[in-house]
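Novice: How does the following fold in three dimensions:
(one chain, ligands or ions: 1)
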Amino acid sequence: MNTERTRPRVIRDPGALHREVAELRRGGKKVGLVPTMGALHQGHLSLARTALEECDVCVTTIFVNPAQFGPSEDLAKYPRTLDADLDALATVGSQIAFVPETDAVYGPGHATWIEVGAVAEPLEGQCRPGHFRGVATIVLKLFNMAGTDVAYFGQKDYQQVQVIRRMVEDLNVPIQLRVCPIVREPDGLALSSRNVYLSPDQRQRAVSLYASLCHAEKMVASGETRADRILAAVEEILLEQGKGRIDYVAVADPETLEPVEQITGETLIALAVRIGETRLIDNCLIQPPAG
Ligand code: PAF
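Specialist: Next comes the predicted model:
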C-alpha cells in the first residue's frame, strides 16, 4: 500500500508551524495538538484519532526531548522511527507532523525552565529528578510554538497530565486539555514506546502490572478500604508474577497525588516497575462501591 500521499506534511520550523496554525484558526478551523516523542503506537494514534474527531486539523509533534531524560536514562537509545511514524500517522489522517531539530527548540542561550510545585514532586518526580521540569518546559514551548485550540494527552502518564494541568491553570495558558484513556494490548499491558525493549520472557512478566491493578480494583470492589493492604497485594503480584523491581506503588488522591490511607472516594493507584532494564508505568482510577 502506498501511504506516501496521505502522510502528514512535515514542518520543522517553529515559526512556520505557528503561522500555519494561526492561519487555520483565522479561517475558522479548530486545531488539535498531539505531543509525542515518536515511536508511535496505537496509544498515540488513538490520541490523534480523538483529535481528528473533535478538531478539523491534527498537528502531531515528534520530538525526543532531551530535557526530560536524566543522565542515566535512555535518551541515546530511545527509539527514533520517523519514517514508520509518518506512515502510522497517515493511517489516521493527522495532517501535520511538527518535527523540530533540537537546536530549534533549545537555542544556544536557552535558560528558562518551568518548575511545577507539589504535584510534580512524588512518584515519578522522586524517581526521576528533573523529569517534570523538562516535560513542563517542552510542553509549554510546544503549546506556544503551535498555538492550537486543544492538546491531547494519554492517561497512562497520569502524573504528567496533572503537572500539565497545574501549569496551564497557574500560567493562564490559553489551551484546552483533553485526556484520553490508556490503550492496552489484549492481555492488558499498557502500550508504551518502551515495550519494544522487552524480551519475550519480560513481555510476559510485564502483564503483572495490569494484573496487579485489576487485583487492586477487585479488592476495593469487594469492600477493602485500607491502602496498606492494597499496596501489599499489588507489590506481591509485581514481585512474584512480574519478578520486577518496584520503583513505587502508590495509592493516592487523584488530584494532589498525596498518599491516602483509607479509600473513601475516587482513588489513583499508580506504579512504576523495572522488568529487566525496562522501566514501565501504569495506573488506574478506582471507586469504592456505592453506599
Ligand atoms: O508523553 C510524552 O511522550 C512526552 O512526555 C511529551 C508530552 C511529548 C513531552 O516530551
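Novice: Contact residues of the protein facing the ligand?
Specialist: Pro35, Thr36, Met37, Asn65, Gln68, Val135, Ile138, Val139, Asp157, Gln160 (C-beta under 6 Å from any ligand atom). The way it works is simple: take the backbone N, C-alpha and C, and place the C-beta from them, glycine included.
Novice: now, which of the residues you listed lie within strands?
Specialist: Among these, DSSP state E puts Pro35, Thr36 in strands.
Novice: Of the residues of the chain next to the ligand, which belong to helices?
Specialist: Val135, Ile138, Val139, Gln160 (DSSP state H).
Novice: Tell me which two of those residues sit farthest apart.
Specialist: Ile138 and Gln160 (11.1 Å; C-beta to C-beta).
Novice: from what I can see Arg80 touches Thr36, true?
Specialist: No - the pair Arg80 / Thr36 is not scored as a contact, 12.0 Å apart, by C-beta atoms under 8 Å.
Novice: Return the residues in contact with the residue positioned nearest the centre of the chain.
Specialist: The residue lying closest to the centre of the chain (C-alpha atoms, centre = their mean) is Asp157, at 3.6 Å. Taking C-beta atoms under 8 Å, 6 or more residues apart in numbering, we find Asp157 in contact with Ile281.
Novice: and what of Thr36?
Specialist: His44, Leu47, Thr60, Thr61, Ile62, Phe63.
Novice: Try it again at 6 Å.
Specialist: Residues near Thr36 by C-beta atoms under 6 Å, 6 or more residues apart in numbering: His44, Ile62.
Novice: Break down the stretch 101-250 of the chain into its helices, ranges please.
Specialist: 102-105, 124-127, 131-146, 158-170, 200-205, 207-221, 227-240 (DSSP state H, counting those that start in this stretch).
Novice: ok, residues contacting the second one?
Specialist: Around helix 124-127, the neighbours that count as contacts under C-beta under 6 Å, 6+ apart are His131, Phe132, Gln159, Asp247.
Novice: Go again with 7 Å.
Specialist: His131, Phe132, Gln159, Asp247, Tyr248, Ala272 (C-beta atoms under 7 Å, 6 or more residues apart in numbering).
Novice: Extract the CA atoms of that helix and return them as PDB.
Specialist: Backbone C-alpha positions of helix 124-127 (Å, rounded to 0.1, in the frame of the first residue of the first chain) are rendered in PDB as follows:
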ATOM      1  CA  GLU A 124       7.900  10.000  39.000                       C
ATOM      2  CA  GLY A 125       9.200  13.200  40.400                       C
ATOM      3  CA  GLN A 126      11.000  11.400  43.200                       C
ATOM      4  CA  CYS A 127      12.400   8.600  41.000                       C
END
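Novice: In that helix, which residues are buried?
Specialist: Using 16 or more other C-beta atoms under 10 Å as the burial criterion, the residues of helix 124-127 that qualify are Glu124, Gly125.
Novice: for it, what is the average pLDDT?
Specialist: Averaged over helix 124-127, pLDDT sits at 98.
Novice: in which helix or strand would I find Arg25?
Specialist: helix 14-26 (DSSP states H and E).
Novice: shaky segments in the stretch 51-200 of the chain?
Specialist: For the stretch 51-200 of the chain, no stretch is flagged by pLDDT under 70.
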